[in-house]
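Quick check, what structure comes out for this input:
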Amino acid sequence: MLNEEKSLTRRFFLRTFGSLCAAALLASTIATPAVAAEKKTFRMAWSIYAGWMPWPYAQQSGILKKWADKYGIVIELKQVDYIESINQYTAGQFDACLMTNMDALTIPAAGGVDSTALIVGDYSNGNDGLVLKGKTALKDIKGQKVNLVELSVSHYFLARALESVGMSERDVKVVNTSDADIVAAWKTPQVTAAAAWNPQLAEMRAQKGTTMVFDSSKIPGEILDMTVVRTDVLKKHPEFAKALAGAWFETMKVMSANDAKAKAAKEMMAKLSGTDLAGYEAQLKTTKMFYTPADTLAFTTSADLMKGMDLVRKFSFTHGLLGQGARSVDVIGIQFADGKVLGNPKNIKLRYDANVVKLAADGKL
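Below you'll find the predicted structure:
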């Protein structure tokens, strides 16, 4: 994995008038081979999660380099803690980053960074859960303190869980707890309710007296895990998006095959995420992966995507996550593959673009 960002070579064009035109044409012709051979470097941040482990596998197996070479570029992957990775992406330190749909809306989009969800890789289908100690029903959460990463997808997930039994956040007290600390917190007697995601959730569920009373399979398609690219980079360098899509779907093909190569690939992903093959496969069972370009395209162009994002943006607005001074849920525009927009069409900051995925589905990458 490369740790240092290579500087981009600036292209200079000789502009002349009158008698210098011929010289300019000659100079540009001579320079063409060097320009064509130039490699541009792009950086992508990743963090540990079941649905994102194919990326470091693609890097270590050589699949990512294969596709980067095809398009004459270099792609650097760097592991960064989840929220910090999004913050650094928003600050311009990365060209792409792995994040959920809600975080894409509330961090870079709310911060004014126009971003494109290039690949919707999966949705949580049980990877997020709400657990209680000594209680077995969701309604028993009333009046309890609930530990979770505040204003994250876990917070959204809690709100949706409470709605399902006619309650709201007024019926509980949220206690902000980082994802790095939540397992340790769960082992203490004073923590009796929590929302978390795998692999932390699996560790918490293993503790005696713990019952999972609600999980994300009850809200399918709402918590999405995506490969997000800065829109300005995507427009200037479509080769970057094509290389990413090519590497992703080749890795998906390897991963989903029922053979020794698939097993070895998942064993590597498991090791990279700090678990074993059995543990990783258990996480995959609660992750709805889109293994083919056709499946990815079908979801990205479905009406369900807009419905889910409408719920997410409303939660984000009521919790003050759409930026300082946001007076309406419509302050940020979210554009979908068919061109429809939720929110302000003059302030589109989050886009779902199916063009590159369609190229993959058509075998044209």
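
Do you know the pLDDT at the residue nearest to Q60 when sequence neighbours are not counted?
Counting by C-beta to C-beta, 6 or more residues apart in numbering, Q60 lies nearest to M268, which is 6.8 Å off, once chain neighbours are set aside. Where C-beta positions appear, they are placed from N, C-alpha and C, glycine not excepted. Note on M268: pLDDT of 97.

T29 now?
35.

try the one 10 residues further on
In this model, K39 is scored at 55, pLDDT.

re the thing from before, the residue nearest to Q60 is in contact with Y57, isn't it?
Yes: here M268 reaches Y57: they are 5.4 Å apart, a contact under C-beta atoms under 8 Å.

neighbour-wise, which of those two wins?
Y57 (21 against 17; other C-beta atoms under 10 Å).

tell me the secondary structure for the more buried one?
helix (DSSP: H, G, I helix; E, B strand; the rest coil).

Make sure it is actually in contact with A270.
No: between Y57 and A270 there is no contact under C-beta under 8 Å: 10.0 Å.

how about N87, what does it touch?
For N87, the contacting residues are I107, by C-beta atoms under 8 Å, 6 or more residues apart in numbering.

go on, M102?
Neighbours of M102 in contact, by C-beta under 8 Å, 6+ apart: S152, V153, Y156, I223, V312, F315, S316.

Which parts of the chain belong to which domain?
Per automatic domain parsing, the structural domains of the chain span 40-123+222-361, 128-218.

Name the stretch among those domains that sits most buried.
Of all those, domain 40-123+222-361 carries the top mean neighbour count, a mean of 19, counting by mean count of other C-beta atoms under 10 Å.

Test for you: state the pLDDT assigned to L272.
So L272 comes in at 93 (pLDDT).

Double-check that T136 belongs to a strand.
No: T136: not assigned to a strand; according to three-state DSSP it is coil.

from what I can see it touches T211, true?
Yes: between T136 and T211 there is a contact at 4.8 Å, judged by C-beta under 8 Å.

Check the secondary structure at R351 for me.
Once three-state DSSP is applied, R351 turns out strand.

which residues touch it?
Taking C-beta under 8 Å, 6+ apart, one finds D114, S115, T116, A117, T231, I334, Q335 in contact with R351.

who's in contact with the fifth one?
Spelled out, that is T231. D114, S115, T116, R351 are the contacts of T231 under C-beta under 8 Å, 6+ apart.

now, which of these sits nearest Y71?
Closest to Y71 out of these is T116 (17.4 Å), distances taken as C-beta to C-beta.

what bridges to that closest one?
With DSSP bridges as the criterion, T116 is bridged to V229, R351.

for it, what are its contacts?
T116 neighbours (C-beta under 8 Å, 6+ apart): V228, V229, R230, T231, L234, L350, R351, Y352, D353.

okay, those in JSON lines with pLDDT and distance to A247 next?
As requested, the contacts of T116 are exported to JSON lines (pLDDT from 0 to 100; distance: C-beta to C-beta, whole Å):
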{"residue": "V228", "pLDDT": "98", "distance to A247": "16"}
{"residue": "V229", "pLDDT": "98", "distance to A247": "13"}
{"residue": "R230", "pLDDT": "98", "distance to A247": "18"}
{"residue": "T231", "pLDDT": "98", "distance to A247": "20"}
{"residue": "L234", "pLDDT": "97", "distance to A247": "16"}
{"residue": "L350", "pLDDT": "98", "distance to A247": "23"}
{"residue": "R351", "pLDDT": "98", "distance to A247": "21"}
{"residue": "Y352", "pLDDT": "98", "distance to A247": "20"}
{"residue": "D353", "pLDDT": "96", "distance to A247": "18"}
